[in-house]
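> quick one: sequence and predicted model below, then my questions.
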Amino acid sequence: MPANGKVALISGSTRGIGKAIAERFVDDGWIVAQNSRSPILDSELIGAKHFIADVTNLEDCKLLVD
């Protein structure tokens, strides 16, 4: 658990606005779970854990939350 006790799951957080939001959460000390439908390069990680899941698919969502 992070020092501030906060964890965030941010979908669509590997590019654009979603990535900027995820970066801000990481900078503020949150544990961040990034999510996208496809793999990303290690160089694209922002200090968060990355999970591949399609949030339009119920089974993927259940696995993502678990």
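Cool, the structure landed. Bear in mind that the values here come from a model prediction, so they are computed numbers and not experimental data.
> so what's Ala48 up against?
Counting by Cβ atoms under 8 Å, 6 or more residues apart in numbering, Ala48 makes contact with 10, 13, 22, 25-26, 31-34. C-beta coordinates here come from the backbone N, C-alpha and C atoms, glycine included.
> Asp66: which of these is nearest?
Nearest to Asp66 among the contacts of Ala48 is Ala33, at 11.5 Å by Cβ to Cβ.
> tell me which element the residue lying closest to the closest one once chain neighbours are set aside falls in.
In space, and not counting its chain neighbours, Ala33 is closest to Leu9: 4.5 Å by Cβ to Cβ, 6 or more residues apart in numbering. Using DSSP states H and E, Leu9 sits within strand 7-11.
> in that strand, what counts as buried?
8-11 (16 or more other Cβ atoms under 10 Å).
> please tell me how far whichever helix or strand comes after that strand is from the chain's geometric centre.
Later in the chain than strand 7-11, the nearest helix or strand by DSSP H and E is helix 16-27. Centroid separation for helix 16-27 versus its chain: 9 Å, with Cα atoms, centre = their mean, to the nearest Å.
> equivalent analysis for stretch 32-52, please.
With Cα atoms, centre = their mean, you get 6 Å for stretch 32-52.
> buried stuff in that stretch?
32-36, 46, 48, 50.
> where's the dip in pLDDT among those residues?
For the buried residues of stretch 32-52, the weakest pLDDT value sits at Ala48, with 83.
> for that one, give its distance to Glu59.
From Ala48 across to Glu59, the span is 23 Å (Cβ to Cβ, to the nearest Å).
> so the residue nearest to Ala33 makes contact with Leu64?
Yes - look at Leu9 against Leu64 with Cβ atoms under 8 Å: they come within range, at 7.1 Å.
> common neighbours of these two, please.
Counting by Cβ under 8 Å, 6+ apart, the residues touching both Leu9 and Leu64 are 33, 35.
> got the buried residues of strand 7-11 as JSON lines, with pLDDT and distance to Val55 columns?
Listed next are the buried residues of strand 7-11 as JSON lines, based on pLDDT from 0 to 100; distance: Cβ to Cβ, whole Å:
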{"residue": "Ala8", "pLDDT": "91", "distance to Val55": "15"}
{"residue": "Leu9", "pLDDT": "91", "distance to Val55": "10"}
{"residue": "Ile10", "pLDDT": "91", "distance to Val55": "11"}
{"residue": "Ser11", "pLDDT": "89", "distance to Val55": "5"}
